[in-house]
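> what follows is a protein structure lacking sequence information:
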């Protein structure tokens, strides 16, 4: 079975789909991962064939003005909203470039297409052109109409369970300028005629409901009480360490030299002042009296010359390291907190933007983390105190351990592979 897996975004947006593609390959299928071109080396580590997509809309996140917008995404003002609209206008030319690459990726001749919520309005049109099924693989519960979850974009209530069906709307929110680009692409590149509902990813071209695969656990986010049978929620899609990966000797020595350290890593999250964040993190580690492994990632943490009791790494497979630490400090990004949940490790969430804040609040409600600490308000003493709470509170430890045990009994990627096999029979 040839499966084309589309995704777009930063590392946390891409890694679950690489995990699915890798699971497909191990099951004897022929996956192709279509993702921003900067992730080609990552896919190569797993032997997964790769189709590059224009990545300008990803790399732009490192711009200072974009980082400032993200830092205030939980309390947007009129000025911030206008700045967001201007950024979206700047992205229109890049949208056309991605559309070109999305279609070129389909040269692999897939039997089925799996896609993330990114470009969800256009990828089903590729499936329509190829006459193959498309499946939405979602990291969030908000793309299925439900009274239990609001539509994606109403992030202040994403996990609140508010029962107001009128607020659930998963239709497109593409701006008119982008719709013009899509219409031209549909006509000139795909050669498809106009039809009603062509942007509605919830349905195939013949009107049948499109299947949905959720890459999260029902133990973390309960399935909607009114979700149809076409929606499947069977667990996280975890990416194992690359084949042949071995931990560096200095990491093994550090772990053996003392008590379990704190893991601190903000992944690809980019704050407005990485130097301040680095200094704050080091001060918090010192104040907490604990050892720490700090993973720099893409987030700009520069811990060169770190003090004793602190080990700095550029990157490490979290699935391997997390069972060996006492607390995981992260931004609330999907990949980091999902891995920590499965490892049964207490967390401290320090969000940069609103979706991370919502995850942090949800983890707090689950009892596996103290209340989240917003990055723009973060202090070393507050972080040190939160680390101490997460490391010593028996209720948090019990909740994290119990949830981790349930999550480790799942294999979401393998379940997704079995589902894709069934729809191809």
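Yes, it's here. Since the structure is predicted, the reported quantities are computational estimates derived from the model, not experimental observations.
> give me the three-state assignment for residue 192.
Recorded secondary structure, residue 192: coil (DSSP: H, G, I helix; E, B strand; the rest coil).
> and residue 19, how many neighbours?
Residue 19 has 23 neighbours, counted by other Cβ atoms under 10 Å. Yep, even glycine has a C-beta here, placed from its N, CA and C like the rest.
> tell me the pLDDT at it?
Predicted confidence (pLDDT) for residue 19: 98.
> next: residue 269.
Reported pLDDT for residue 269: 60.
> then residue 12?
At residue 12, pLDDT is 88.
> isn't it right up against residue 336?
Yes: counting by Cβ atoms under 8 Å, residue 336 is a contact partner of residue 12 at 7.2 Å.
> looking at those two, which one has more neighbours?
The neighbour comparison of residue 12 against residue 336 (other Cβ under 10 Å) goes to residue 336, with 30 against 20.
> distance check, the residue nearest to the more buried one when sequence neighbours are not counted against residue 242.
Nearest-residue entry for residue 336: residue 330, 3.8 Å, with adjacent residues in sequence omitted and distances by Cβ to Cβ, 6 or more residues apart in numbering. The gap separating residue 330 from residue 242 is 21 Å, by Cβ to Cβ, to the nearest Å.
> more crowded one of the two?
When neighbours are counted by other Cβ under 10 Å, residue 330 and residue 242 differ, and residue 330 comes out ahead with 29 against 13.
> any idea how many residues pack against residue 243?
9.
> which helix or strand in this structure has the lowest average pLDDT?
Scoring the helices and strands of the chain by mean pLDDT, DSSP states H and E places helix 64-71 at the bottom, with a mean of 56.
> can you give me the strands in the chain?
For the chain, the strands defined by DSSP state E occupy 2-6, 30-36, 50-53, 112-115, 134-138, 212-214, 231-233, 262-265, 292-295, 310-313, 327-330, 347-349.
> those: which one's closest to residue 364?
The closest of the strands of the chain to residue 364 is strand 347-349. By Cβ to Cβ, the value is 7.8 Å.
> got the contact list for residue 121?
Going by Cβ atoms under 8 Å, 6 or more residues apart in numbering, residue 121 touches 172, 174, 182, 199, 200, 201.
> quickly note the distance from the residue of the chain most remote from its centre to residue 103.
Ranked by distance from the centre of the chain (Cα atoms, centre = their mean), the top residue is residue 193, with 34.1 Å. Per Cβ to Cβ, residue 193 is found 17 Å from residue 103.
> how about residue 42?
In terms of Cβ to Cβ, residue 42 sits 23 Å off from residue 103.
> that older thread, can you check which residues contact both of residue 12 and residue 336?
Residues touching both residue 12 and residue 336 (Cβ under 8 Å, 6+ apart) are residue 267.
> what pLDDT does the residue nearest to residue 8 when sequence neighbours are not counted get?
Of all residues not flanking residue 8 in the chain, residue 118 sits nearest, at 3.7 Å (Cβ to Cβ, 6+ apart). Residue 118 is assigned a predicted lDDT (pLDDT) of 93.
> one more: residue 282?
Among the per-residue scores, residue 282 shows a pLDDT of 93.
> can I assume it is in contact with residue 309?
No: counting by Cβ under 8 Å, residue 282 does not reach residue 309; the two are 10.3 Å apart.
> same drill for the two, tell me which one is more crowded.
Taking other Cβ under 10 Å, residue 282 and residue 309 do not tie; residue 282 has more neighbours (20 against 15).
> distance of that one relative to residue 335?
24 Å.
> ok, residue 94 next?
Distance of residue 94 to residue 335, given as Cβ to Cβ: 24 Å.
> so which of these two has more stuff around it?
residue 335 (24 against 15).
> wait, the more buried one touches residue 15, no?
Yes: look at residue 335 against residue 15 with Cβ under 8 Å: they come within range, at 5.0 Å.
> now for those two: what residues contact both?
With Cβ under 8 Å, 6+ apart, residue 335 and residue 15 have no common neighbours.
> who does residue 114 bridge with?
For residue 114, the beta-bridge partners under DSSP bridges are residue 5, residue 135.
> thinking again about what came up before, can you pick the most crowded of the contacts of residue 121?
residue 201 (24 neighbours).
> hmm, residue 138 and that one touching each other?
No: with contact defined as Cβ under 8 Å, residue 201 does not reach residue 138; the gap is 10.2 Å.
> where does the prediction get shaky in the stretch 101-250 of the chain?
Where the stretch 101-250 of the chain drops to pLDDT under 70, the residues are 151-173.
> can you rerun that using 80?
For the stretch 101-250 of the chain, the stretches flagged by pLDDT under 80 are 150-173.
> quick one: the residue farthest from the centre of the chain from residue 143, how far?
26 Å.
> ok, now residue 135?
Applying Cβ to Cβ, the value for residue 135 to residue 143 is 12 Å.
> what's the answer for residue 233, then?
Applying Cβ to Cβ to residue 233 and residue 143 gives a distance of 12 Å.
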